[in-house]
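>>> any chance you could fold what I've pasted below:
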Amino acid sequence: MTPQPPPKSLTPTRKGYSIAAAIATATGWGEIHNEYLEIGGYPGYLDKLEQDKVQAKLALDKQQAAEVKAKTDLEKYTLAYLLADYCDHLETLGRRSWRDALSNFRINVFEAWPALASTPAKAITPDDVAGMMRAVIEKGQGRTANKLRSYLRAAFEVARASRSKPSIPIRFKAYAVTTNPAADTFPDESANKADKNPLTTKELQGYWASIKPMPGLIGAMLRLHLLSGGQRIEQLCNLLTANCTDDAIILFDGKGRPGGEARPHTVPLIPAAAMALKQCNPMGAYALSTDGGKTHVSAITLSNWAKKAANGIDDFQTKRIRSGIETLLASAKVSKDDRGHLQSHGITGVQARHYDGHDYLDEKRQALERLLTLLENKPEPLTKSKVIQLRRAA
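Next up is the predicted model:
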């Protein structure tokens, strides 16, 4: 005899359906069939169940993929990667400052703050930036702390602006940076005091008297630097042969333009400067070179040559040539604007950037001619001290 399910059971059992269970089950199926008539009744309902299972699995897969991506983003879009990407961006733009930025980041972020370096860039706060700066200041390196802040601010600004500025590589958009934490910090004002200590008129004249007759490539480079108005050493050293003509050179000034293209800066050459350039014998890629233009002379090397030529000038630094020239030209009534255009600084404001299309070549040339006239004045001997003979009282 075949086993029978309990006659009063309302649900199927291992022994099958009771009459009551069969009626209840059929009634339920009928209700489902009527409810899903638009998609084919009960068979359509079964198909929907299968589709729902598929969708649920897809949703789970997406959730798991999102979790994996989030974990990857935590590892990939960190502060360290943003700063490294920023340095690569500077190098691509031809900005020589990428080396200084990378060195500063390595010492004062990557090595000093490994936990922060591995934090997502978008999670960095002003307190974090201030903490990194404070640690550098406490080492007595206020100027380095200010440079760190400047580089951090520039890196975050590139990432933030990438959301709406198509000229910035799209990889920066992935950092999802919406604010600039470094912009809400303040520099160490005590470390920003000017320390130019410009060369005096007498010292500039003595320096010119020293390099004017100097033979060979070194003398020619030093004369070109001085007679071009004391251009920034690094920019001058990167002068390309293709950017030299008989009466002008074109330098590229990226100072004060974080993450942006360097601005071309045309410097006219007075005859003495043109002769100095000719004596440098530009060839190959770089105009100022000791290997035929394959590589350019380094800024440190040129500065060391200038220091040797300036024997007798106390505390000589090449930056004092630049500030000394501006001071000398100011004393000769050369306007502030003309001095700014000659040395490529102080060119600010909407009018100067967008509306003033004048190249100022004539004004620059006149300033350089005035400079040479002032340098040619007979200098006093460069001595560290002057002995004054006193007459014996009668």
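>>> what about the nearest residue to Q343 once chain neighbours are set aside, which SS state?
Leaving aside its chain neighbours, Q343 sits nearest to G229 (5.7 Å; criterion: Cβ to Cβ, 6 or more residues apart in numbering). Backbone N, C-alpha and C define where each C-beta goes, glycine included. Following DSSP: H, G, I helix; E, B strand; the rest coil, G229 is assigned to coil.
>>> so G229 makes contact with I325?
Yes. Contact between G229 and I325 holds when scored by Cβ atoms under 8 Å: they sit 5.9 Å apart.
>>> mind listing the helices for the stretch 51-200 of the chain?
79-92, 98-105, 114-117, 126-137, 142-161 (DSSP state H, counting those that start in this stretch).
>>> tell me which other helices or strands the shortest one touches.
The contact analysis (3 or more Cβ pairs under 8 Å, 6 or more residues apart in numbering; DSSP states H and E) places helix 114-117 against helix 79-92.
>>> other residues contacting the helix it packs on?
Contacts with helix 79-92, where a contact means Cβ atoms under 8 Å, 6 or more residues apart in numbering, come from 97-98, 101-102, 105, 109-110, 116-121, 124, 151-152, 154-156, 158-159, 169, 171-172, 175, 177, 259.
>>> residue ranges with poor pLDDT in the stretch 101-250 of the chain?
Residue ranges of the stretch 101-250 of the chain with pLDDT under 70: 191-196.
>>> number of nearby residues for the closest residue to F156 other than its chain neighbours?
Nearest in space to F156, with sequence neighbours left out and distances taken as Cβ to Cβ, 6+ apart, is N180 at 4.4 Å. N180 sits with 21 neighbouring residues when counted by other Cβ atoms under 10 Å.
>>> what does D246 give?
8.
>>> quick one: it and A274 touch, right?
Yes. Contact between D246 and A274 holds when scored by Cβ under 8 Å: they sit 6.1 Å apart.
>>> which residues are common contacts for these two?
With Cβ under 8 Å, 6+ apart as the test, D246 and A274 reach no residue in common.
>>> list the helices and strands whichever strand or helix holds V267 packs on?
If you go by DSSP states H and E, V267 is part of strand 263-268. Packed against strand 263-268 by the contact rule (3+ Cβ pairs under 8 Å, 6+ apart) you find strand 248-253, helix 361-375.
>>> output those as CSV; include the columns distance to A299 and mean neighbour count.
Formatted as CSV, the helices and strands packed on strand 263-268 follow (distance: least, Cβ to Cβ, whole Å; neighbours: other Cβ atoms under 10 Å):
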stretch, distance to A299, mean neighbour count
strand 248-253, 13, 19
helix 361-375, 22, 18
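>>> mind checking the ones you listed for the one nearest to L269?
strand 248-253 (5.8 Å; Cβ to Cβ).
>>> got a list of contacts for the closest one?
94, 228, 231-232, 235-236, 238-239, 243, 262-269, 277, 287, 344, 361.
>>> likewise for stretch 143-159?
82-83, 86, 89, 100-101, 104-105, 108-109, 121, 124, 129, 132-134, 136-137, 168, 172-173, 175, 177, 179-183, 185, 187-188, 191-192, 258-259.
>>> kindly report the same for stretch 44-53.
Here stretch 44-53 has contacts from I32, H33, E35, Y36, E38, I39, G40, using Cβ under 8 Å, 6+ apart.
>>> just the buried residues out of those residues, in ChimeraX syntax.
Filtering those down to the buried ones (16 or more other Cβ atoms under 10 Å) takes a single ChimeraX command:
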select :36
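>>> flag every buried residue along stretch 279-286.
Buried, per 16+ other Cβ under 10 Å, within stretch 279-286: C280, P282, Y286.
>>> now it: mean pLDDT?
When pLDDT is averaged over stretch 279-286, the result is 94.
>>> ends of it, how far apart?
14 Å (Cα to Cα, to the nearest Å).
>>> so how far is it from its chain's centroid?
Stretch 279-286 has its C-alpha centroid displaced from the chain centroid by 29 Å (Cα atoms, centre = their mean, to the nearest Å).
>>> swap in stretch 268-284?
On Cα atoms, centre = their mean, the centre of stretch 268-284 falls 32 Å from the chain's centre.
>>> what's the first-to-last distance across it?
Stretch 268-284: ends 22 Å apart by Cα to Cα.
>>> shift numbering so it begins at 210
From this message on, residue numbering opens at 210, which makes the last subject stretch 477-493.
>>> the helices in the stretch 460-603 of the chain, which residues?
Using DSSP H, counting those that start in this stretch, helices in the stretch 460-603 of the chain cover 480-488, 508-518, 527-540, 545-552, 559, 570-584.
>>> those: which one's closest to G501?
helix 480-488 (15.2 Å).
>>> who are the packing partners of the closest one?
helix 425-436.
>>> from the contact counts, what lies against the helix it packs on?
Secondary elements touching helix 425-436 (3+ Cβ pairs under 8 Å, 6+ apart): helix 410-420, helix 442-446, helix 480-488, helix 508-518, helix 527-540, helix 570-584.
>>> run a quick neighbour tally on the nearest residue to L288 once chain neighbours are set aside.
The shortest distance from L288 to any non-neighbouring residue, by Cβ to Cβ, 6+ apart, is to A330 (4.9 Å). By the criterion of other Cβ under 10 Å, A330 has 22 neighbours.
>>> just the one 3 residues further on next, same as before
The number of residues packed around I333, counting by other Cβ under 10 Å, is 23.
>>> same question for A482.
24.
>>> in contact with it, which residues are there?
With Cβ under 8 Å, 6+ apart, A482 has these contacts: R432, L433, L436, S437, L577.
>>> swap in K331?
Y286, Y384, A385, V386, T387.
>>> what's the distance between the residue nearest to the first one when sequence neighbours are not counted and V543?
Counting by Cβ to Cβ, 6+ apart, the nearest residue to Y286 once its immediate chain neighbours are dropped is Y384, at 4.9 Å. From Y384 over to V543 the distance is 46 Å, taken as Cβ to Cβ, to the nearest Å.
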